[in-house]
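1. Provided below for reference: sequence and predicted model.
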Amino acid sequence: MASKNLKIAFIGTGIMGAPIAGHIMDAGYELTVYNRTKEKAADLIERGAAWADSVAEAAKDADVVFTMVGFPTDVEEVYLAGEGLLASAKDGAYLIDLTTSAPELARDIAGAAEVCGKHAFDCPVTGGESGAIAGTLTAILGATERDIEPVREVLETFTSKICCFGGAGKGQAAKLSNQVALASAMVGMADALSFAQQNDLDVEQVREMICSGTGNSGAMQQLAPKAIDGDYKPGFLVEHFLKDLGLALTVAEEKELALPGADTAFTLYDMLDAIGGGRMGTQAITLLYQEEAEAVAAGLDWSLYAAQHENDDECDCGCGHDHGHDHGEDHECCCGGHGHGEDHECCGGHGHGESHECCGGHGHGEGHECHCGHHHEG
Ligand code: NAP
């Protein structure tokens, strides 16, 4: 039985949204849920949440609407479409977007919400699936402490830390800073495990040793064990990480800022996505360093990469992401067109030597077109 006054709607009950919504309900709030695929809300409905058939129906009586969808295009649809939240939520409602999305879109939504008498905050989170399940996420708000006072108690049902960064869009910008840090941590984790393996070391023993010292990271602590066990199920989807890195690199480019670590990670995840790993967990980056047979056993297909890049010779792009990043004109492009503008065919290949086509795949089998720089034959 609901015991709190605010009525809550939750849109997007996927990996993160479902456990977050569960905590809100457990705290005694009346909850209505909507998700594109109804089955993913089944547990919540069984536990007492009301189901709505659309965004508008979910929002119509809610005091607070949370959204936790996948991509900025999903956020746009949910907020700005004709039957979206700006049109359908009641006056004075709080609209809180937990999705990792574009800072500019967050500013647009907050501005439009203000015009129609609603409050919209960007509030991406960090802490991963385990943090969502434990209710210990960090909320990263594009709002002030004062702005969030009316909804703080609800936010506290699924967080252990709330960080307010001020105006609209700043939560997303801060979250992208986090993703930039994570990018290099993931590549560092994968590099280190591969290095240990190639030196005939006990990889788990090396991992534990690293976790006890200054090479430690969340990637090494939480994701390396899954990679070592061959568990590539998604906690955090590769396609979502690519989206985040693309957003960060786009913002960086606008500010004429180079992010070599994020750039390298983008290249590797773009490759993983191109060979069928987009719906795997981000720890699957380690498969790029393994023998081809292991990647195939995990469900990847390197021939997809070759197929996507067979016209690379003709590419005259010169870039990395969304446009003209740092490569010389003689750079052979090698991208999967992920997150790039339409007139753009390239990507990746950042920081490679001139005679070298791309990166990542250490130790591939002979039938495989090499994408890396290191030590293979064939
Ligand atoms: P997910 O499992 O794909 O969840 C997204 C959910 O949103 C899906 O269930 C999807 O429906 C639903 N959805 C998308 N568009 C919709 C729409 N227009 N209307 C209604 N529902 C819609 O992904 P996730 O891992 O929970 O991640 C969600 C967001 O949080 C992403 O932006 C991600 O980058 C970010 N994030 C993820 C993590 C993590 O560790 N997983 C951590 C922090 C932040 P379907 O079921 O039909 O696909």
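-> All right, it came through fine.

2. okay, and for the stretch 101-250 of the chain, where does confidence drop off?
-> Across the stretch 101-250 of the chain, nothing is flagged by pLDDT under 70.

3. interface residues of it facing the ligand?
-> Contacts of the stretch 101-250 of the chain with the ligand, taken as C-beta under 6 Å from any ligand atom, map to 125-126, 128-129, 235-237, 240, 244. Yep, even glycine has a C-beta here, placed from its N, CA and C like the rest.

4. could these go into TSV alongside distance to residue 170?
-> Shown next, in TSV, are those (distance: C-beta to C-beta, whole Å):
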residue	distance to residue 170
125	15
126	15
128	22
129	25
235	26
236	22
237	25
240	21
244	16
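
5. tell me the SS of residue 274?
-> Three-state assignment for residue 274 (DSSP: H, G, I helix; E, B strand; the rest coil): helix.

6. closest one of the residues of the stretch 101-250 of the chain next to the ligand to residue 148?
-> Closest approach to residue 148 among these (C-beta to C-beta): residue 125, at 13.8 Å.

7. what separates the closest one from residue 178, distance-wise?
-> Distance from residue 125 to residue 178, counting by C-beta to C-beta, to the nearest Å: 10 Å.

8. look at those two and report which has more neighbours.
-> The neighbour count for residue 125 versus residue 178, taken as other C-beta atoms under 10 Å, is higher for residue 125 (25 against 17).

9. which one is residue 194 nearest to, not counting chain neighbours?
-> In space, and not counting its chain neighbours, residue 194 is closest to residue 289: 4.0 Å by C-beta to C-beta, 6 or more residues apart in numbering.

10. mind checking how far that neighbour is from the ligand?
-> Per C-beta to the nearest ligand atom, to the nearest Å, residue 289 is found 22 Å from the ligand.

11. just give me the neighbour total for that residue.
-> Other residues within reach of residue 289, judged by other C-beta under 10 Å, total 24.

12. wait, doesn't it sit right on residue 192?
-> No: using C-beta atoms under 8 Å, residue 289 makes no contact with residue 192, being 10.5 Å away.

13. quick one: stretch 297-313 to chain centroid distance?
-> Remark: stretch 297-313 is offset 23 Å from the chain centroid, using C-alpha atoms, centre = their mean, to the nearest Å.

14. how about that stretch: buried residues?
-> Under the neighbour-count criterion of 16 or more other C-beta atoms under 10 Å, stretch 297-313 has 298, 300, 302, 305, 308-309, 312 buried.

15. could you do stretch 34-49 as well?
-> For stretch 34-49, the buried set under the neighbour-count rule, 16+ other C-beta under 10 Å, comprises 34-36, 40-41, 44, 49.

16. tabulate those residues in CSV, adding columns for pLDDT, distance to residue 187 and secondary structure.
-> Putting the buried residues of stretch 34-49 into CSV (pLDDT from 0 to 100; distance: C-beta to C-beta, whole Å; DSSP: H, G, I helix; E, B strand; the rest coil) gives the following:
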residue, pLDDT, distance to residue 187, secondary structure
34, 98, 37, strand
35, 98, 33, coil
36, 98, 32, coil
40, 98, 31, helix
41, 98, 35, helix
44, 98, 36, helix
49, 98, 39, coil
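
17. show me what contacts residue 180?
-> Residues in contact with residue 180, defined by C-beta atoms under 8 Å, 6 or more residues apart in numbering, are 245, 248, 259, 261-262.

18. and whatever residue of the chain ends up closest to the ligand, how close does it get to residue 41?
-> In the chain, the residue that lies nearest the ligand is residue 14 (1.9 Å; C-beta to the nearest ligand atom). For residue 14, the distance to residue 41 equals 10 Å [C-beta to C-beta].
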